[in-house]
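1. here is the input, now give the coordinates:
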Amino acid sequence: MKKILALSIAAVLFCTSVSAQDPAPATVLINPAVSTSVDGARYEIINSGRADSKFLRLDKVDGTVWEFYGYGYHTVIKREAADQDTVVDGQVNYQLYISGDGANTYLLNLNTGIIWYYDWHLFKDNEFLLMK
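-> Next comes the predicted model:
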């Protein structure tokens, strides 16, 4: 009887310790946030690495951003004008940062530090608006 009781207690402890060591699977984000480089080629294509993420192309010299919609179709994303938006000819002036599904996307002027955020709209054109 003592053996059965001891085995029962050992089995309960073993099962409890095994389940405690096997946590629920965590959500893993692949490339949760990425940004374009500040050197190299004039153009870069970027997305956050998630399957449902936007694909964007950045002209790092003049700050033009295109959004891709499927194969071969893309559109320029408008950018709100700013007095502090200065560029130096022939050098990288802009960097793009994207996170998650693309809802958190920012355009940075490297010369002045001003930032635009991506504003998504269902029934009108998407655009970059100044952070104020």
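2. how many neighbours does the closest residue to Asn47 other than its chain neighbours have?
-> Spatial nearest neighbour of Asn47, chain neighbours left out: Ser53 (4.3 Å); criterion: CB to CB, 6 or more residues apart in numbering. Quick note: C-beta positions are derived from backbone N, CA and C, even for glycine. Number of residues near Ser53 (other CB atoms under 10 Å) recorded here: 19.
3. do you know how far Ser53 is from Val38?
-> 21 Å (CB to CB, to the nearest Å).
4. before we move on, the earlier item: residue contacts, the residue nearest to Asn47?
-> Contacts for Ser53 (CB atoms under 8 Å, 6 or more residues apart in numbering) come out as Asn47, Ile98, Gly100, Asp101, Gly102.
5. how about the strands in the protein?
-> In the chain, the strands defined using DSSP state E lie at 33-35, 43-46, 55-59, 65-68, 74-79, 94-99, 104-109, 115-119, 127-130.
6. neighbouring contacts of the shortest one?
-> What it means is strand 33-35. Here strand 33-35 makes contact (CB under 8 Å, 6+ apart) with Ile46, Asn47, Ser48, Gly49, Gln95, Leu96, Tyr97, Ile98, Ser99, Gly100, Asn104.
7. next: the second one.
-> The set of residues that contact strand 43-46 without belonging to it, under CB under 8 Å, 6+ apart, is 34-37, 55-60, 68, 96, 98.
8. mind doing that once more with 10 Å?
-> Contacts to strand 43-46, defined as CB atoms under 10 Å, 6 or more residues apart in numbering, come from residues 34-37, 53-61, 64-66, 68, 92, 95-98, 102, 105.
9. is the residue most central in space within the chain bridged to anything, and to what?
-> Centrality entry for the chain: nearest residue to the mean C-alpha point is Ser99, 1.5 Å, by CA atoms, centre = their mean. Beta-bridge partners recorded for Ser99 (DSSP bridges): Ala33, Asn104.
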